[in-house]
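Asks: here you go, sequence then predicted model.
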Amino acid sequence: MDLNFNKNEDHNKLLLSELKQKFAKIKLGGGEKRIEKLHAEGKMTARERIAYLLDENSENIEIGGFAGEGMYADHGGCPSGGVVIKIGYIKGKQCIVVANDATVKAGAWFPITGKKNLRAQEIAIENRLPIIYLVDSAGVYLPMQDEIFPDKEHFGRIFRNNAQMSSMGITQIAAVMGSCVAGGAYLPIMSDEALIVDKTGSIFLAGSYLVKAAIGETIDNETLGGATTHCEISGVTDYKAKDDKDALDKIKNIVDKIGDFDKAGYSRIKAQKPALDPKDIYGILPKARTDQYDMMEIIKRLVDNSEFEAYKDGYGQSLITGYARIDGWAVGIVANQRKVVKTKKGEMQFGGVIYSDSADKATRFIANCNQKKIPLVFLQDVTGFMVGSKSEHGGIIKDGAKMVNAVSNSVVPKFTVIVGNSYGAGNYAMCGKAYDPRLIFAWPSAELAVMGGTQAAKVLAQIEASSLKAKGEIVDETKETELFNKIKARYDEQTSPYYAASRLWTDAIIDPLDTRKWISMGIEAANHAPIQKPFNLGVIQV
């Protein structure tokens, strides 16, 4: 191990430590006092409910853990978007579970809460996964109602999805474990089966105070919409549970009876661990995002037995393409190369840039994976497509468009890992969020932006300096440096993986060593949904 390896390792382990510390705080939701208050009411927290529901000692992954981070300081914050979402196993069956966190503003829906719930439903729809709702919510967060209520991707879309999932035969089970009011009352009742916890669960379109104000009727909430009312009078709910654990046990029993699913048929054999130590990733991945490294060395520490069958190995070398297995699942990998290589054209330093020949190679490889029904894994460390007269005259726009076309029309499941840079059109070609990866997640080393912080800050600082000069202000070297540093600090904050994760541009920030688990569970989920249409590139410039 050389000194550079040790410096990289120290840096990446510090990033990982920061990740764990941040997430430990987020997992407290609204804080320890509110957790204690919930326990005093005889209720479990959202995370406790999910932990009890999922099979003990089984694998699970959390979607959107950093959602809302740093976004709502003026409203007291919204840790994890006020809702916890995990993919895991109930009685051995893979499911997605959505649990309102009542310690965060009584489980009220912020704009990011709606976006996160829609993401959970999107995962369920794409993968035909059973979805379990653990409802405990005060409804829309009224101070921000204009950002959560009326638009297409707002609160109402949840119920539209309920209806569509039901027609698709996707199992939906809802347990009302606390408040469930107004429009939110439709969610459990539009599910296939609904449970309600006695004394703590309630469902109504309007609570007792609003009923009194609207029609003058005096009634308490329990009589209005409690468990006895809905299980014995209205028939709105199907099961009454005596407490949280009883409700969760009933869900386990219901899931246990669900029949088997039609499989997509992705290839899987017995899994093997990588032959090379995955922990080496910490030392291989450079501290500086501009430094070179061999992405192949990362791949060898992610794939089974460290075996990789390269496709067009000597051609288009700024992209690595080839076949491997991850946790037994066959995958096609498309990865950005960052090292200096020697070709017949001479020595080339790629730095994550996509050239015409690389885009052409990737297009053909993606088509092959679709033909063979092999899921695709994109490893992003991309600065964009090559620019300049030579590239433009060589048709880089056409070749880049072909790659984007192939990614867009791919029918096999796609999974995106943001290892390092994710800049500009490179983000699109390497299956960014806009291109429907089944899961997209980042390492702590990731950066997402239209371009790198230094380049962007130089451009923006020049524009601002010109504007100030036009107004007659004196802009000397000191002023230019001040402008640059100010803009770069702001831009660097926006390129952070936490900024992206808080807005759900990614599903999670993970320890690189968890990458195999995420991809494996993602392909297992995708295997629930057989491919419905053939791969077709449509009209494409050749």
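Replies: Everything's here; your move.

Asks: and residue 103, its phi and psi?
Replies: Main-chain dihedrals, residue 103, degrees, to the nearest 10: phi -80, psi -10.

Asks: I meant residue 93, not that one.
Replies: phi -100, psi 130.

Asks: quick check: closest non-adjacent residue to it.
Replies: The shortest distance from residue 93 to any non-neighbouring residue, by CB to CB, 6 or more residues apart in numbering, is to residue 255 (5.7 Å). C-betas here are computed from N, CA, C, even on glycine.

Asks: so the one you found touches residue 95, yeah?
Replies: Yes. With contact defined as CB atoms under 8 Å, residue 255 reaches residue 95; the gap is 6.6 Å.

Asks: shared neighbours of the two, anything?
Replies: Counting by CB atoms under 8 Å, 6 or more residues apart in numbering, the common neighbours of residue 255 and residue 95 are 130, 132.

Asks: out of the two, which sits in the busier spot?
Replies: Using other CB atoms under 10 Å, the more surrounded residue of residue 255 and residue 95 is residue 95, with 24 against 19.

Asks: what's the spacing between residue 213 and residue 207?
Replies: Applying CB to CB, to the nearest Å, the value for residue 213 to residue 207 is 10 Å.

Asks: who has more neighbours out of these two?
Replies: The residue with more neighbours, out of residue 213 and residue 207, is residue 207; 19 against 10, by other CB under 10 Å.

Asks: list the contacts for residue 337?
Replies: Going by CB under 8 Å, 6+ apart, residue 337 touches 294, 295, 296, 317, 318, 319, 320, 350, 352.

Asks: I figured residue 460 was touching residue 485, is that so?
Replies: No. Using CB under 8 Å, residue 460 makes no contact with residue 485, being 11.9 Å away.

Asks: more crowded one of the two?
Replies: Higher neighbour count among residue 460 and residue 485: residue 460, with 17 against 12, using other CB under 10 Å.

Asks: now that one: which helix or strand?
Replies: Element membership for residue 460, per DSSP states H and E: helix 453-470.

Asks: which element follows that helix toward the C-terminus?
Replies: Downstream of helix 453-470, the next assigned helix or strand under DSSP H and E is helix 477-495.

Asks: circling back to that earlier point, so how far is the helix holding residue 460 off the chain centroid?
Replies: Helix 453-470 sits 33 Å away from the centroid of its parent chain (CA atoms, centre = their mean, to the nearest Å).

Asks: alpha carbons only: can I get it in PDB?
Replies: C-alpha atoms of helix 453-470 as PDB (Å, rounded to 0.1, in the frame of the first residue of the first chain):
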ATOM      1  CA  GLY A 453     -17.600  23.700  -8.800                       C
ATOM      2  CA  THR A 454     -14.400  25.400  -9.900                       C
ATOM      3  CA  GLN A 455     -15.400  25.700 -13.600                       C
ATOM      4  CA  ALA A 456     -18.900  26.900 -12.700                       C
ATOM      5  CA  ALA A 457     -17.600  29.400 -10.200                       C
ATOM      6  CA  LYS A 458     -15.100  30.800 -12.700                       C
ATOM      7  CA  VAL A 459     -17.800  31.400 -15.300                       C
ATOM      8  CA  LEU A 460     -20.300  32.900 -12.800                       C
ATOM      9  CA  ALA A 461     -17.600  35.100 -11.200                       C
ATOM     10  CA  GLN A 462     -16.600  36.400 -14.600                       C
ATOM     11  CA  ILE A 463     -20.200  37.300 -15.400                       C
ATOM     12  CA  GLU A 464     -20.700  39.000 -12.000                       C
ATOM     13  CA  ALA A 465     -17.500  40.900 -12.300                       C
ATOM     14  CA  SER A 466     -18.500  42.100 -15.800                       C
ATOM     15  CA  SER A 467     -21.800  43.200 -14.500                       C
ATOM     16  CA  LEU A 468     -20.200  45.200 -11.600                       C
ATOM     17  CA  LYS A 469     -17.700  46.800 -14.000                       C
ATOM     18  CA  ALA A 470     -20.600  47.900 -16.300                       C
END
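
Asks: pLDDT (mean, whole number) over it?
Replies: Across helix 453-470, the average pLDDT comes to 77.

Asks: switch to numbering from 30
Replies: Taking 30 as the first residue, the last one we looked at is helix 482-499.

Asks: next up, the contacts around residue 396.
Replies: Neighbouring residues of residue 396 by CB under 8 Å, 6+ apart: 435, 564, 566.

Asks: show me the contacts for residue 59.
Replies: Counted by CB under 8 Å, 6+ apart, residue 59 has contacts 108, 130, 132, 133, 134.

Asks: burial of the third one, as a residue count?
Replies: Right, the one you point to is residue 132. Each residue near residue 132 was counted by other CB under 10 Å, and the total is 24.

Asks: for it, give me the pLDDT.
Replies: 97.

Asks: and what of the first one?
Replies: With respect to pLDDT, residue 108 scores 97.

Asks: that one: neighbour count?
Replies: By other CB under 10 Å, 22 other residues sit near residue 108.

Asks: residue 53 is in contact with that one, correct?
Replies: No. Applying CB under 8 Å, one finds residue 108 not in contact with residue 53, separated by 11.4 Å.

Asks: what touches both of the two?
Replies: With CB under 8 Å, 6+ apart, residue 108 and residue 53 have no common neighbours.

Asks: now the helices for the stretch 180-329 of the chain?
Replies: Along the stretch 180-329 of the chain, the segments classed as helices by DSSP state H, counting those that start in this stretch run 185-197, 215-218, 237-244, 250-254, 256-257, 273-285, 310-313, 324-328.

Asks: same list (those helices) but as TSV, adding mean pLDDT and distance to residue 267.
Replies: Listed next are the helices of the stretch 180-329 of the chain as TSV, based on pLDDT from 0 to 100; distance: least, CB to CB, whole Å:
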stretch	mean pLDDT	distance to residue 267
helix 185-197	94	15
helix 215-218	87	10
helix 237-244	88	24
helix 250-254	89	15
helix 256-257	93	11
helix 273-285	98	9
helix 310-313	98	48
helix 324-328	97	49
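
Asks: closest to residue 225 out of the ones you listed?
Replies: Closest to residue 225 of these is helix 256-257 (CB to CB; 4.5 Å).

Asks: how is this protein divided into domains?
Replies: Domain assignment for the chain by the TED database gives 30-59+293-475+535-566, 60-285, 482-524.

Asks: quick one: contacts for the closest residue to residue 300 other than its chain neighbours?
Replies: Once flanking residues are discounted, residue 300 sits nearest to residue 357: 3.8 Å by CB to CB, 6+ apart. Residue 357 makes contact with 297, 298, 299, 300, 301, 333, 549, according to CB under 8 Å, 6+ apart.

Asks: again, only using 6 Å
Replies: Contacts for residue 357 (CB atoms under 6 Å, 6 or more residues apart in numbering) come out as 297, 298, 299, 300.

Asks: what residues of the helix holding residue 489 count as buried?
Replies: Neighbour counts over helix 482-499 (16 or more other CB atoms under 10 Å) mark 482, 485, 486, 487, 489, 490, 493, 494 as buried.

Asks: got TSV for the residues you listed, with distance to residue 413 too?
Replies: Output for the buried residues of helix 482-499, formatted as TSV (distance: CB to CB, whole Å):
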residue	distance to residue 413
482	14
485	12
486	17
487	16
489	18
490	20
493	24
494	25
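
Asks: what is the most widely separated pair among those residues?
Replies: Among these, 482 and 494 lie farthest apart (CB to CB), at 17.7 Å.

Asks: just put the contacts of residue 366 in TSV and tack on distance to residue 533 and neighbour count.
Replies: Listed next are these as TSV, based on distance: CB to CB, whole Å; neighbours: other CB atoms under 10 Å:
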residue	distance to residue 533	neighbour count
323	32	15
324	27	23
325	31	15
346	34	19
347	30	26
348	27	28
349	28	26
379	31	21
381	24	25
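
Asks: right, I'll leave it there.
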